[in-house]
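Trainee: Just to be clear, the model below is a prediction. Sequence and coordinates:
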Amino acid sequence: MKKSLLLLALASVAFAQEFTVNKVGGYSTNLFNQAGAEIAAYDAGTKRLFFVNAQANVIEGLDVSTPSRPRPLFRLFISSLYGAAVNSVAVGNGVIAAAVEANPKTDPGSVVFYDLNGNFLSAVKVGALPDMLIFTPDGKKLLVANEGEPNADYSVDPEGSVSIIDISKGIANVTQADVRTADFKAFNGTTLDPSVRIYGPRATVAQDVEPEYIAISPDSKTAWVTLQEANAIGVVDIDQARITRIVGLGFKDHSLAGNGLDASDRDNRINIANWPVFGMYQPDAIAAFQAKGKTWLITANEGDAREYTTFAEEARVSTLRLDPTKFPTASTLQQAGNLGRLTVTRSTGDTDGDGDFDALYVLGGRSFSIWDTTGKLVFDSGDQFEQITSRLFPDYFNASNANNTRDDRSDNKGPEPEGVTVTELNGRLYAFIGLERIGGVMVYDITDPEKPVYVAYTNSRDFKGNPEAGTAGDLGPEGVLALTAAQSPNGKPLLITSNETSGSIALYEMNVPAPAVTVAAKIVAQGRDSFAREMGLDGSTSTGVAPLTYQWRSTGPTAALFPAAANTPKVTVQFGQGQGAYTFELTVTDATGAKSSSTVSINYFGR
């Protein structure tokens, strides 16, 4: 019996083109600073995009089968029977789900289901101020984050919660009996992690937490919900409809190297520096993903403050009385060009209750973070967003989404990362993080969640345009979607942003590098010994960036190769008259010019 022999030689590694993101199309509602395009959802089967136009209180449907020319299909008006304002949209199982707040917003809201043509299917009541909603991966349930914000004077403060709707019997058959709501009452009066902020006037834990955004495990068993103002994440047992934990996220030390921030909008310069302040991560969007055999969480650390007629937590550092022991250089720090203009919370920082501030806490982390499912921080991007935007757009660094003024947001949340999504492209995991203020989307390779790598930043904003006149491009990305080539309407990976300030939808085509290809010459022979005069050698399993070229040669005793001097992966060798060891070499060159060689020795015993 003949045995095959495989010989392998490794040479260099060739990489394809860089990761690029280019806008190919868009759609505008022509509504500046009126929430004309908030959260969007995509249906691959119909190649339709649905987004919330909050100003018109509708869900708009677009045909994006040709991404360069999105075409409006219909506007889905939400009947007043179901509520006063639509807040969010999700698509799954061929169904549109809309989160609708009541009037007043402190009353229970609704989730309303439609088919993909906008025809009503069913509706159910959920908690107060339903916002983000998401289908479970197995398609059997829909989860809703009920934010439960108080009214303007804080006289009514509903509880935050997560509603879980069983849709396994079909959307048309959903009734109120299929809705279960997980609340936070079990945590009232309990001791929480010190970094969990419960500070609303007269509020219980259940009232004070405000669920913002939900991520779900791949097995559809567990959900994680951001509790933004509280600087925490709630863990949900989906099957039991129960909140099992509230995980405090800790604080970010901006005095450490790599955690700098530009703290002033009045210093007339870019000054990303370390300061004696702490950051509250306070994430908005969250996503779950799998890597290295585990589930991980990624958050966009936007930050948010409570501002009501009877309660407001924000203050400038210059207006606060600082503890002289903790801040011996307070008079210098409180100058406008240093920390004086920085916006911090008044609700956290007086640790000893004596009326002065022993520590300063800013809202948001100006970053994205990756956590394990226990809430342990494994990576934070530090000050990378500000460093990157300062290099690429120095004249418009930390501009806001409604003006082109440099440094405008340095005193308050900086670039303000809000949306995040994770998608696998060409065998790598990429995170896409939207920056609400300066705009655009950051792209990171998070294939190794503990060592993310910056890949690209795209921004289709025109800083020479006038935001109010509608000539400044896409402003204030609220939602971020990333489609694989298989999901995409044109077979190419797409990035889609819904831009709240400009009221526009932007579609970007992504050129994603192919996985690194190792150039390797490989020879398959029929054995190491031969009594036959001829033997075949096969190099067709060699690898590299196509097309490959092949060069064969023999060394040692004379042997012939057929076809002679041919650029072919397969050859036939003809041994000379003498017995002995014959050596054959294959050199492979790929399209990048990288080379690899391999040899095989054959003992010939014939006559």
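Mentor: Thanks, I have the structure now. Numbers count the residues shown, from 1 in each chain.
Trainee: Let's test this: name the helix or strand in the protein with the lowest mean pLDDT.
Mentor: Ranking every helix and strand in the chain by mean pLDDT, DSSP states H and E puts strand 5-14 at the bottom, with a mean of 37.
Trainee: need the next SSE after that strand, C-terminal direction.
Mentor: strand 20-28 (DSSP states H and E).
Trainee: Report all helices and strands that that following strand contacts.
Mentor: Judged by 3 or more Cβ pairs under 8 Å, 6 or more residues apart in numbering; DSSP states H and E, strand 20-28 is in contact with strand 453-458, strand 504-511. The way it works is simple: take the backbone N, C-alpha and C, and place the C-beta from them, glycine included.
Trainee: who does that strand pair up with?
Mentor: When pairing is defined by DSSP bridges, strand 20-28 lines up against strand 504-511 (antiparallel).
Trainee: Buried residues in the partner strand, which are they?
Mentor: Residues of strand 504-511 classed as buried under the neighbour-count rule (16 or more other Cβ atoms under 10 Å) are 504, 505, 506, 507, 508, 509, 510.
Trainee: got the angle between it and strand 453-458?
Mentor: Here strand 504-511 runs at 130 degrees with respect to strand 453-458, directions being taken by axes from the mean of the first three to the mean of the last three Cα atoms, to 10 degrees.
Trainee: Show the average pLDDT along the helix or strand that strand 504-511 is followed by.
Mentor: Per DSSP H and E, the first helix or strand lying C-terminal to strand 504-511 is strand 517-525. With pLDDT averaged residue by residue, strand 517-525 scores 85.
Trainee: other SSEs contacting the helix or strand just after strand 517-525?
Mentor: Reading on from strand 517-525 to the C-terminus, the next helix or strand found by DSSP H and E is strand 529-530. Packing partners of strand 529-530 (3+ Cβ pairs under 8 Å, 6+ apart): strand 595-604.
Trainee: Parallel or antiparallel, which strands does the strand it packs on pair with?
Mentor: Counting by DSSP bridges, strand 595-604 is paired with strand 529-530 (parallel), strand 580-589 (antiparallel).
Trainee: Please dump these into TSV; it should also carry mean neighbour count for every row.
Mentor: Supplementary listing: these in TSV, determined by neighbours: other Cβ atoms under 10 Å:
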stretch	mean neighbour count
strand 529-530	14
strand 580-589	19
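Trainee: thinking again about what came up before, for the helices and strands packed on strand 20-28, give me CSV that also has distance to residue 559.
Mentor: Output for the helices and strands packed on strand 20-28, formatted as CSV (distance: least, Cβ to Cβ, whole Å):
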stretch, distance to residue 559
strand 453-458, 49
strand 504-511, 46
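Trainee: And these: which comes nearest residue 154?
Mentor: The stretch from the helices and strands packed on strand 20-28 with the least distance to residue 154 (Cβ to Cβ) is strand 504-511; that distance is 34.9 Å.
Trainee: centre of the chain versus the closest one, how much separation?
Mentor: Averaged C-alpha coordinates place strand 504-511 at 15 Å from its chain's average position (Cα atoms, centre = their mean, to the nearest Å).
Trainee: if we can go back for a sec, take the helices and strands packed on strand 20-28 and lay them out in CSV including mean pLDDT and distance to residue 363.
Mentor: Listed next are the helices and strands packed on strand 20-28 as CSV, based on pLDDT from 0 to 100; distance: least, Cβ to Cβ, whole Å:
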stretch, mean pLDDT, distance to residue 363
strand 453-458, 96, 23
strand 504-511, 98, 27
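Trainee: Name the residues that touch the longest helix along the chain?
Mentor: Determined from DSSP state H, the single longest helix within the chain is helix 384-392. Contacts with helix 384-392, where a contact means Cβ atoms under 8 Å, 6 or more residues apart in numbering, come from 260-262, 270, 272, 366-367, 397-398, 414-415, 417, 435, 438, 442, 454, 457, 459.
Trainee: Could you give me the buried positions within it?
Mentor: Using 16+ other Cβ under 10 Å as the burial criterion, the residues of helix 384-392 that qualify are 384, 385, 386, 387, 388, 389, 390.
Trainee: can you give me phi and psi for residue 340?
Mentor: The phi and psi torsions at residue 340 (degrees, to the nearest 10) take the values phi -60, psi -40.
Trainee: nearest residue to it other than its sequence neighbours?
Mentor: On the basis of Cβ to Cβ, 6 or more residues apart in numbering, the spatially nearest residue to residue 340 that is not a chain neighbour turns out to be residue 318, at 3.6 Å.
Trainee: got the contact list for the one you found?
Mentor: 334, 335, 336, 339, 340, 341.
Trainee: Just the buried ones among those, please.
Mentor: 334, 336, 339, 340, 341.
Trainee: nearest to residue 279, of those residues?
Mentor: Ranked by distance to residue 279 (Cβ to Cβ), the buried ones among the contacts of residue 318 are led by residue 339 at 13.3 Å.
Trainee: Confirm the closest one sits in a helix?
Mentor: Yes. Residue 339 sits within a helix when classified using DSSP: H, G, I helix; E, B strand; the rest coil.
Trainee: I'd assumed residue 264 was in contact with it.
Mentor: Yes. Residue 339 lies in contact with residue 264 (Cβ atoms under 8 Å); the separation is 7.5 Å.
Trainee: hang on, residue 574 in a strand?
Mentor: Yes. Using three-state DSSP, the secondary structure at residue 574 is a strand.
Trainee: Just give the nearest non-adjacent residue to it, would you?
Mentor: Counting by Cβ to Cβ, 6+ apart, the nearest residue to residue 574 once its immediate chain neighbours are dropped is residue 560, at 4.2 Å.
Trainee: Neighbouring strands - and their directions - for whatever helix or strand the one you found lives in?
Mentor: In this structure, residue 560 is located in strand 559-562 according to DSSP H and E. Partner strands and pairing direction for strand 559-562 (DSSP bridges) are strand 570-575 (antiparallel).
Trainee: what's the burial count for residue 526?
Mentor: In terms of burial, residue 526 registers 16 neighbours under the definition other Cβ atoms under 10 Å.
Trainee: whoops, residue 193 was the one
Mentor: Applying other Cβ under 10 Å, we find 14 other residues in the vicinity of residue 193.
Trainee: List the single closest residue to it in space, sequence neighbours excluded.
Mentor: Taking Cβ to Cβ, 6+ apart as the measure, residue 193 lies nearest to residue 248, with 3.0 Å between them; neighbours along the chain are not counted.
Trainee: quick one: contacts for the nearest residue to residue 21 once chain neighbours are set aside?
Mentor: For residue 21, ignoring the flanking residues on the chain, the nearest one in space by Cβ to Cβ, 6+ apart is residue 458 at 3.9 Å. Listed by Cβ under 8 Å, 6+ apart, the contact set of residue 458 reads 21, 22, 23, 440, 441, 443, 495, 508.
Trainee: Recalculate using a threshold of 6 Å.
Mentor: Taking Cβ atoms under 6 Å, 6 or more residues apart in numbering, we find residue 458 in contact with 21, 440, 441.
Trainee: repeat for residue 431
Mentor: Neighbouring residues of residue 431 by Cβ under 6 Å, 6+ apart: 298, 422, 444, 446.
Trainee: How far off centre is the helix or strand the third one falls within?
Mentor: Taking DSSP H and E as the criterion, residue 444 maps to strand 441-445. Between the mean C-alpha location of strand 441-445 and the chain-wide mean there is a distance of 8 Å, by Cα atoms, centre = their mean.
Trainee: And the contacts of it?
Mentor: 428, 430-434, 452-458.
Trainee: Let's have those residues in TSV, adding distance to residue 252.
Mentor: Converted to TSV, those look like this (distance: Cβ to Cβ, whole Å):
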residue	distance to residue 252
428	27
430	24
431	18
432	22
433	16
434	20
452	16
453	21
454	19
455	23
456	25
457	21
458	26
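Trainee: Among these, which one lies nearest to residue 53?
Mentor: residue 434 (18.2 Å).
Trainee: pLDDT value on the closest one, please?
Mentor: Model confidence at residue 434, given as pLDDT, is 98.
Trainee: helix/strand/coil for it?
Mentor: strand.
Trainee: One more: the one 3 residues further on?
Mentor: Using three-state DSSP as the criterion, the local structure at residue 437 reads coil.
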